[in-house]
Each structure stands twice: as C-alpha cells, then as structure tokens.
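no FASTA, just this:
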C-alpha cells in the first residue's frame, strides 16, 4: 500500500504527534523561548493518511489530563533513561525515541526538572544513533537547562528538537522510523492512562482510554506498509491484537438541536457522545499495552 506524500501543513501536524508536544505555535530561530504562548493542552492533532483524516490526542494532552485528575507523579511508570544504551536496531531506537519523548513531556508537566534532563539526554543519545545528531545539539541542551522550571519554554524546546528529527527522517526517506517515533509516544501515553486509572479511576481518563480505538487504527494503517520487515510485522500483529479488544468499545451519538447565542453570535453544540467500555475491557487493554510496551522497552 502506498501512502500519499505529506504536505508541509500536514507534516507540521504530524510533527505535533511525532514530537509528542502540541506546542500550538510557530517559532522562529530568533524568537526568545520565554516569549512563547502557553501550551494548548486541549489540542488534538490531525493526521492525513492516504487521504483519510484522523484525530489523535497528543501524549502531552494525556499527561495534562492525568495531572489535572489529581494523580501523583510516578517515576515507576517511566522507561529508565539508562536503558537507551541497550537499543541496538533502528526499530528499537525509533520507537523508544517516541517513548522517551512522552516520558519527557510527563516529567516536564509534573515539574520534575532533574528527571527531565535525564530523559532529554536519553532522547539525544537515540537521535544521535539514528543519524539526527543536530536535533538535540549542545545549543538545545544548554537552552533547555537554562529554562529549567519554565514549563512552556521547556516543552517548546523539545518540540524544536523533535521537529528537526522528524524533518531529517522524512527528507531522507525514513518515514518508517518517523512512524515508529509516533507509535512509541502513543503507546507510552496509553500506558500512563491505564496505570493511573487503576489507582485513580475517573470518567475523563476512562473516556481517554476508549478514544484510543480510532487512534490505534490510524497507527496500524501507517505502519502496515512496512509489514514485510520482521520487527514491524510482529509490532503490527501486536497492535492488531490490541485493536481486537477495542472492537468491543462502543460510542453512542445523541443529537440535540444546537442553541443560538445572538449576543455573542455563537452557535452552541448540544449533541453528546457517550462511551461504553467495561472494567474488563479496560483491564484487557491495560494488560496488552503493558506487554507491547515491555517488549519494546526491554
């Protein structure tokens, strides 16, 4: 299956997933990091795959959701930075670069500055070995260190680094690795959500887990074109196995007539979508994503 080439606009949107940070702004090299607007934690990313449009919540969105739910910071759910030395193939390096990106977003949102530096260095190591050394160069590392404690600035800086990585991979016909970075971030994000739900269940996190049904289909479509490669085929098979559990998740749309606010010239959408996902389905999703994630991270 051949996929359409991605336009510049679509590439930026894909970057928001691949970089794992929906920064919601365009920065120039001359612009001071401290001047950037706040990160939009509600923003989803639009992905165009073979002419089909998909909406995928970014991992940064999920991390904000978890923190806002009152869930405490948990270092135990992260992939240890020291493991980066054990990833020897481009497949393992690419997918774990995505996982470390999600981890970096998580620790940054929880203001764990020392941990953030460790994950930045782990991401730099994998990017270097993938041949995108310029993405996490000394300048980015120094600026990141100087901006410790400034959450938005730190997120934007990491976004700049991942944008450079993504651009290099695409320009050098390495879209497969770029897709792996995206998949790694998605897997880690879902792993976070299922872990938090076990200890602090609420409706928002349950809904976020259920919403990954369509996101998973997007990833499978993106990665299936590389199925002939052994590591990819095993990975896609595991994602398809997970998708079988999501098949039982149901969404129900209820139409309600929109209301008009003539004063503010606004139309208010009153229709609702409810989700049906059982505790047993969440537990099965949790176990399967844990197994996929453990296989990837070692």
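Sure, I can see it. Fair warning: this is a prediction, and the values are worked out from it, not measured in the lab.

what are the contacting residues of stretch 274-293?
Residues outside stretch 274-293 that contact it (Cβ atoms under 8 Å, 6 or more residues apart in numbering) are 99, 187-188, 190-191, 194-195, 197-198, 206-207, 209-211, 235, 238-239, 241-242, 245-246, 248-252, 254. All C-beta atoms are positioned from the backbone trio N, CA, C, and that covers glycine.

which ones among those map onto helices?
99, 187-188, 190-191, 194-195, 197-198, 206-207, 209-211, 235, 238-239, 241-242, 245-246 (DSSP state H).

what subset of those residues is buried?
For these, a burial check counting by 16 or more other Cβ atoms under 10 Å picks out 99, 187-188, 190-191, 194-195, 197, 206, 209-211, 235, 238-239, 242, 245-246.

tell me the contacts of residue 122?
Contacts of residue 122 (Cβ under 8 Å, 6+ apart): 81-84, 100.

the same query, at a cut-off of 7 Å, please.
Contacts for residue 122 (Cβ atoms under 7 Å, 6 or more residues apart in numbering) come out as 81, 84, 100.

what helix or strand is it on?
helix 113-129 (DSSP states H and E).

tell me the secondary structure of the nearest residue to residue 256 once chain neighbours are set aside, please.
Spatial nearest neighbour of residue 256, chain neighbours left out: residue 270 (4.0 Å); criterion: Cβ to Cβ, 6 or more residues apart in numbering. Look at residue 270: counting by DSSP: H, G, I helix; E, B strand; the rest coil, its state is coil.

report the contact partners of residue 270.
256-259.

need phi/psi at it.
The phi and psi torsions at residue 270 (degrees, to the nearest 10) take the values phi -110, psi -10.

gap between it and residue 263?
18 Å (Cβ to Cβ, to the nearest Å).

also residue 236?
Taken as Cβ to Cβ, the span from residue 236 to residue 263 is 52 Å.

neighbour count: the two, which is higher?
residue 236 (21 against 6; other Cβ atoms under 10 Å).

which residues touch the more buried one?
Contacts of residue 236 by Cβ under 7 Å, 6+ apart are 220, 223-224, 227.

from those residues, list just the buried residues.
220, 223.
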